[in-house]
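**Q** Okay, here's the prediction I keep looking at, along with the sequence it came from:
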Amino acid sequence: MKFSVAASLLVVGISSVSAFAPSASFNTPKASLTKVNAEPEEEEGLDLNLEEMFDMFDAADKDENFDDAVKKIKSD
């Protein structure tokens, strides 16, 4: 009886230890070095002020074409 309890505890202990072992992705830093050393991507934005943002939201609510709405807002 004591042997079966000890064996059961051993099996439960081993299985719980392997459940919290770090995965293989944490052991290979190759992929992360590429992102760290890469040049930052240039993002092109609309650079809208608050009033222009609300105008864009209104245009989206009215299902206006995006490009037409941008031209209209930037021309005002």
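**A** Nice, thanks for sending it over.
**Q** Show me the shaky parts of the chain.
**A** Where the chain drops to pLDDT under 70, the residues are 10, 12-13, 15-38, 40, 43.
**Q** ok, which stretches of it are helices?
**A** With helices called from DSSP state H, the chain shows them at 2-19, 30-37, 50-61, 66-75.
**Q** hmm, who's touching the last one?
**A** Okay, so that is helix 66-75. 46, 48, 52, 55-56, 59-60 (C-beta atoms under 8 Å, 6 or more residues apart in numbering). Just so you know, the C-beta spots here come from the backbone N, C-alpha and C atoms, and that holds for glycine as well.
**Q** Buried ones in that helix, by neighbour count?
**A** 69-70, 73 (16 or more other C-beta atoms under 10 Å).
**Q** In TSV, list those residues along with distance to residue 8.
**A** Listed next are the buried residues of helix 66-75 as TSV, based on distance: C-beta to C-beta, whole Å:
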residue	distance to residue 8
69	68
70	68
73	70
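**Q** ok so, going back, and of the contacts of helix 66-75, the nearest to residue 8?
**A** Set against residue 8, the nearest of these by C-beta to C-beta is residue 60 (61.4 Å).
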